[in-house]
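Visitor: missing the sequence, but the structure's below:
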DNA sequence: CCTACCGATCGGTAGG
DNA sequence: CCTACCGATCGGTAGG
């Protein structure tokens, strides 16, 4: 039966865009899959990825435990899909709006403002998903740990390139070490997320904005 | 049997300092209790307090599962004792060395240096215990969440009072808002902990030191 | 996607 | 501090 559904999904897949060997579900199943994943991402942002269990996810969605399991085929795969789904949301809510600003310093500033806004709007009920994820897996080896490091390196690389752009345009002092500036900016953004999530007081986001703009002012070319 | 041990411990207790209704164990049991707790604190700093189970703690210490349970009487109590024990370590490794410096600005600086040193020396194998704890419970209501908030407020209060001391001595500009300065300093210390724990590269601690001293320089009275 | 299971482990209890 | 349990839940499987 599973095979039949899998094959049907595979056929549907062919008509769409995705020709991988990973079987997918047809439209109804696809929707259920997404519904479960949405719930899982929200739960994981509050309690941590390791606290998500098939049973509780089943209860939260009204699907049977084995129904949930059938969608993900293992707990590891479920965890990975949760992280992927969260990544898409982060991309949509932080990266894309940030990159819409004009190149150079405005883009750098907009990126951090997008982050603060995304925290303030509580896109994830438990605060920034990835701040929580890093904290959960920073000291634990395994595939998630590696994925977390890759994600952090990607973010750092993006910000460094924005800083270098701004330096080439003469908007940021050329004597500033990009990696150090990223450290300063990220410290503020993560701390604002941290305290907003703990206290749910927008004053912390405002402090984050102030601290970011203070740092930017200091490194701005004269 | 439990009652007998409990009563024996109670008697011992009377001879010491502590006359609460909470029964304690006699010296052997006391030692086992501490051994279990030490392991639990280390494990919890890596995996999170919620990941500690009686079974795994039993396995890690060689005590039977019910033996572990007998020492703590509930998982909640175990969690609370873990947090208390971590708090004592934090007090010893960060607060006390910090407060040994001369009053005013040197004491403020020393407090943050003590923190960075405590991270660098890996007092907890999974990074600063309380950074992890806040991250784990920031979005979850319950007694641990409340304890975490109380702990954060205590730290913030301490730092604010150090800043005000330094302001009264004319070492920090009186126009600086203490709460905002704490925000800036804590952002850096937590971020250094965060990245050191993820990468285990002392360069992140060094960046933290640089960022701290830069902030201090900026707010220093002219 | 379901019911009906499996062995392992969970927090906790009884009794010593 | 131990053995020997309890019901509940875990991730996962069989079969439809």
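Guide: Looks like it arrived, so ask away. Being a predicted model, the structure only gives us computed values, none of them experimental. Residues are numbered from 1 along each chain as shown, chains lettered A, B, ... in the order given.
Visitor: okay, now the domains of chain A?
Guide: A:2-73, A:83-219 (automatic domain parsing).
Visitor: Please identify the deepest-packed of these.
Guide: Most buried of the domains of chain A, by mean neighbour count (mean count of other C-beta atoms under 10 Å in any protein chain shown): domain A:83-219, with a mean of 18. All C-beta spots, glycine's among them, are computed from the backbone N, C-alpha and C.
Visitor: one step back: got the domains of chain A as CSV, with distance to DNA strand C columns?
Guide: Output for those, formatted as CSV (distance: least, C-beta to the nearest atom of the strand, whole Å):
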stretch, distance to DNA strand C
domain A:2-73, 2
domain A:83-219, 15
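Visitor: Could you dump the ones you listed into JSON lines with mean pLDDT added?
Guide: Shown next, in JSON lines, are these (pLDDT from 0 to 100):
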{"stretch": "domain A:2-73", "mean pLDDT": "71"}
{"stretch": "domain A:83-219", "mean pLDDT": "97"}
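Visitor: for the ones you listed, which one sits closest to DNA strand D?
Guide: Minimum separation from DNA strand D across the domains of chain A (C-beta to the nearest atom of the strand) falls at domain A:2-73, 2.0 Å.
Visitor: Looking at the domains of chain A, which is nearest to residue B:174?
Guide: Across the domains of chain A, the minimum distance to residue B:174, taken as C-beta to C-beta, is reached by domain A:83-219, at 18.1 Å.
Visitor: Briefly note if the closest one comes near chain B.
Guide: Yes. For a cut-off given as C-beta under 8 Å from any C-beta of the partner chain, domain A:83-219 has contacts with chain B, namely A:125-127, A:131-132, A:134-136, A:138-140, A:148-149, A:152, A:179-180, A:183-184, A:186-188, A:190-192, A:194-195, A:197-199, A:204, A:207, A:210-211, A:218.
Visitor: How about the contacts made by residue A:209?
Guide: Listed by C-beta atoms under 8 Å, 6 or more residues apart in numbering or on different chains, the contact set of residue A:209 reads A:113, A:116.
Visitor: Can you tell me which helices and strands the lengthiest helix in chain A packs against?
Guide: In chain A, assigned by DSSP state H, the helix with the most residues is helix A:143-168. In this structure, helix A:143-168 makes packing contacts with helix A:75-90, helix A:105-120, helix A:129-137, helix A:178-199, helix B:178-199, judged by 3 or more C-beta pairs under 8 Å, 6 or more residues apart in numbering or on different chains; DSSP states H and E.
Visitor: any chance of those helices in JSON lines, with distance to residue B:116 too?
Guide: Listed next are the helices and strands packed on helix A:143-168 as JSON lines, based on distance: least, C-beta to C-beta, whole Å:
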{"stretch": "helix A:75-90", "distance to residue B:116": "29"}
{"stretch": "helix A:105-120", "distance to residue B:116": "24"}
{"stretch": "helix A:129-137", "distance to residue B:116": "18"}
{"stretch": "helix A:178-199", "distance to residue B:116": "13"}
{"stretch": "helix B:178-199", "distance to residue B:116": "6"}
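Visitor: Kindly reformat these as CSV containing distance to DNA strand D.
Guide: Shown next, in CSV, are the helices and strands packed on helix A:143-168 (distance: least, C-beta to the nearest atom of the strand, whole Å):
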stretch, distance to DNA strand D
helix A:75-90, 3
helix A:105-120, 28
helix A:129-137, 15
helix A:178-199, 24
helix B:178-199, 25
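Visitor: mind checking which of the ones you listed is nearest residue B:120?
Guide: Residue B:120 sits nearest to helix B:178-199 of all the helices and strands packed on helix A:143-168, at 6.9 Å, using C-beta to C-beta.
Visitor: The closest one vs helix A:129-137, what angle?
Guide: Helix B:178-199 runs at 60 degrees relative to helix A:129-137, counting by axes from the mean of the first three to the mean of the last three C-alpha atoms, to 10 degrees.
Visitor: And the helix or strand just after helix B:178-199, how far out from the chain middle?
Guide: Next along the chain after helix B:178-199, taking DSSP states H and E as the criterion, comes helix B:203-219. How far helix B:203-219 lies from its chain's middle: 22 Å, per C-alpha atoms, centre = their mean, to the nearest Å.
Visitor: Please find the angle between the direction vectors of helix B:203-219 and helix B:143-168.
Guide: Using the same axes, to 10 degrees: helix B:203-219 against helix B:143-168 is 50 degrees.
Visitor: can you pull the contacts of residue A:218?
Guide: Residues near residue A:218 by C-beta under 8 Å, 6+ apart: residue B:218.
Visitor: which residues touch residue A:139?
Guide: Per C-beta under 8 Å, 6+ apart, neighbours of residue A:139: B:45-47, B:125-127, B:197.
Visitor: One more: residue A:219?
Guide: Contacts of residue A:219 by C-beta under 8 Å, 6+ apart are A:172-173, A:176, A:181.
Visitor: returning to what we had before: which of the contacts of residue A:139 fall within strands?
Guide: Among the contacts of residue A:139, DSSP state E puts none in strands.
Visitor: Looking at these, which is nearest residue A:37?
Guide: residue B:47 (24.7 Å).
Visitor: wouldn't that closest one be in contact with residue B:126 here?
Guide: Yes. Using C-beta atoms under 8 Å, residue B:47 is in contact with residue B:126, at 7.3 Å.
Visitor: still on that earlier bit, could you redo the contacts of residue A:139 as a markdown table and give each row distance to residue A:38?
Guide: What follows is these, written out as a markdown table (distance: C-beta to C-beta, whole Å):
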| residue | distance to residue A:38 |
| --- | --- |
| B:45 | 32 |
| B:46 | 30 |
| B:47 | 27 |
| B:125 | 35 |
| B:126 | 30 |
| B:127 | 31 |
| B:197 | 30 |
